[in-house]
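Sequence unavailable; structure follows:
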């Protein structure tokens, strides 16, 4: 009896964030051409150099081809079938003017936007479809010289910094999706931490796709100046719909001398259903440049959503003694496909990188780790440790590991370890025989499997990630 | 009555292993299953725990006046059925102490009792483990991960000790243990059996353990059925004379 009740609860729990917000929006008709790009730029009242940047990227993009090397299967995307801009109609100057429906949305998502409710002590930039609806704690941060605003704001208020760093790490022609993003990016966060400053709170951006047939193309830039530190987190979700939606983001991080950036992602886009209907197509280019000596960039990601994930957060280790880290948990359940990993590009001397990747495949899920470790000619004494573990649940799921090594300096020290394991019936029986039901037993084993990665998340987000992991896998056995 | 098994037939991979077995266990009783390999002893214990290999094709099992066959694995456990594993599986990444606390709290939740917090749990394990001189370092490791055979058996004992089941089922918990370790097993079990509502169903090949835990009933299994039932003297007789002398043919021939 109680078993049946549990199953019902689980089914109801599946994707909690799949609701849609009814809000009047200003959405472009579908289609992409130069006029659409000009219209986006006009909507945002951008300086002309930014429009030129977009148009140049668009021209290059038209000549590029969609990559096919990833271990992903999906019907061809029709780029003329997507709307490239959607924003809630009301203009916003203060929180009071934010449409209450949107505020409710973020409340439902558990994101604190109201100033008086910000006990969580996390500064938030909330991006709703193509625009940033609210950035909190801006004034407090400004006192320390920290800039935390939407990228549209940065184009007006801090054009010189934006111009200097935009596309400095991910060039506009880096790849097909980065070129598309460069042409049509709408919003995202901009962070600048001045020298000798430790950002006193977690900075966080929450991305929400709401409008139908709309792509989300956000762009985020974080610059951490000398001797500074910032921890930044992003979260994402979308309504449950039968149509697939495209998300192609670009994130660029720049760490100067002795600077440290910690970037954490909890990705929970709508994953689609068991037959693979609907869900977000997630093509993301994330790269950090350790430009300064002794700088450090650390990526932590928990990828539980999207029907398809194509994402390789990378580090370019240019500064002497710089450090790159990549900690990842990727779940593919239902019919999800994930091709994710990292690139660690060692350029400077004594650079060090660590890769810990945990892939979990359940039901019909397919999970691939794809990682490149490149050690350049001048990268004396470069060190890399990679650990790629796959966990299979059930008999229909799959896991692949594709490690690539390009070593051009013989002093390099590279270690790679890969394991594949399976949650066995005997393990589940054992835990159940001690009174822990099967779903909880799976969650327990999966959390144990991901322990090394989850401990890298900021405290505020670790609990959310754990819960998300177990929800994502509920109903995956039997 | 705690357990009443009537005419139980069980298949494993479509092969009939138990063929009409009957067994009654009252609260406070100690039952021992003996018999040669392949006669169905472990299958009985696994069936009572709802192991996925065991398919019940016929018969009834009443447990605490409820139909046991309607309950899933975890529910049976929370209703007080415990089986020790001959070779417990290793679960990497899951901390032993966290696992045990979750198990205890699942049972408490099931019985609508308040859950133990970390401090209460640590106090409890410290006290119980010290009683039996079991190294508490065992608790800090991952569940059975890299444990020696002896450590695995000790870990089964720790779970038994803290989960305090009503029907204790021990499947060759003494195999591979030295004399001193067998004594610890006996001490744990005998302490638990001081509660007269608790019963024990034990599979063993050796008299060694039985000299410490005195059985009320000794059952001999053959070909999926109980063919002979006696008291402790039957085990002694079997130990000194062998199966043939007590009228059980060697099936392996």
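Sure thing, it's come through. Here the structure is a predicted model, which is why all the values come from computation and not from measurement.

Now do residue 64: how many residues are near it, please.
Answering for chain A, as no chain was given. By the criterion of other CB atoms under 10 Å in any protein chain shown, residue A:64 has 14 neighbours. (Glycine included, C-beta is placed from N, CA and C.)

if you could check chain B rather than the one you did, that'd help
14.

Verify the stated contact: it with residue B:25.
No: Residue B:64 is beyond contact range of residue B:25, at 11.2 Å (criterion: CB atoms under 8 Å).

For these two, list the residues in contact with both.
residue B:2 (CB atoms under 8 Å, 6 or more residues apart in numbering or on different chains).

who in the stretch 151-253 of chain B is up against chain A?
B:159, B:163 (CB under 8 Å from any CB of the partner chain).

which residues touch the residue of the stretch 151-253 of chain B found nearest chain A?
Residue of the stretch 151-253 of chain B nearest chain A, by CB to the nearest CB: residue B:159 (6.3 Å). Contact analysis of residue B:159 by CB under 8 Å, 6+ apart lists A:434, B:82, B:100, B:103.

would the third one count as being in a strand?
Which is residue B:100. No: counting by DSSP: H, G, I helix; E, B strand; the rest coil, residue B:100 is not found in a strand; it is helix.

So it versus residue B:115, what's the distance?
Going from residue B:100 to residue B:115 by CB to CB, to the nearest Å gives 13 Å.

And the second one, by the same measure?
Going from residue B:82 to residue B:115 by CB to CB gives 19 Å.

which one of the two has more residues nearby?
A direct count of neighbours by other CB under 10 Å for residue B:82 and residue B:115 places residue B:82 higher, at 22 against 14.

Need the residues that contact the helix or strand hosting the more buried one.
For residue B:82, the enclosing helix or strand under DSSP states H and E is strand B:81-83. Strand B:81-83 has contacts (CB under 8 Å, 6+ apart) with A:433, B:45-46, B:48-49, B:63, B:159-160, B:163, B:165-171.

Determine which two of these are furthest apart.
B:63 and B:159 (19.9 Å; CB to CB).

Low-confidence ranges, chain A, go.
Applying pLDDT under 70 to chain A flags residues A:1-25, A:88-125, A:127-136, A:209-213, A:236-243, A:460, A:470-478.

what does it put close to chain B?
Counting by CB under 8 Å from any CB, chain A sits next to chain B at A:2-3, A:421, A:424-427, A:429-438, A:440, A:444-445, A:447-451.

At which residues are the helices of chain B located?
B:41-48, B:73-78, B:96-110, B:118-131, B:149-163, B:179-192, B:207-210, B:232-241 (DSSP state H).

Run the contact check for the first one versus chain A.
In this case it means helix B:41-48. No: judged by CB under 8 Å from any CB, helix B:41-48 makes no contact with chain A; its nearest approach is 9.1 Å.

Output the contacting helices and strands for that helix.
strand B:3-12, strand B:15-25, strand B:30-34, strand B:54-63, strand B:81-83, strand B:167-171, strand B:199-203 (3 or more CB pairs under 8 Å, 6 or more residues apart in numbering or on different chains; DSSP states H and E).

so what does the strand or helix carrying residue A:417 touch, helix or strand wise?
Here residue A:417 sits within strand A:413-422, counting by DSSP H and E. Packing partners of strand A:413-422 (3+ CB pairs under 8 Å, 6+ apart): strand A:366-375, strand A:383-393, strand A:398-407.

hey, which of those is tucked in deepest?
strand A:366-375 (a mean of 24; mean count of other CB atoms under 10 Å in any protein chain shown).

Which other helices and strands does that one contact?
Looks like strand A:366-375 contacts strand A:323-332, strand A:337-346, strand A:352-362, strand A:383-393, strand A:398-407, strand A:413-422 (3+ CB pairs under 8 Å, 6+ apart).

Okay, now the sheet partners of it, with direction.
strand A:337-346 (parallel), strand A:398-407 (parallel) (DSSP bridges).

Kindly reformat those as a markdown table containing distance to residue B:13.
A markdown table is the format used below for those (distance: least, CB to CB, whole Å):
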| stretch | distance to residue B:13 |
| --- | --- |
| strand A:337-346 | 35 |
| strand A:398-407 | 27 |
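
I figured residue A:283 hits residue A:248, correct?
Yes: Residue A:283 lies in contact with residue A:248 (CB under 8 Å); the separation is 4.6 Å.
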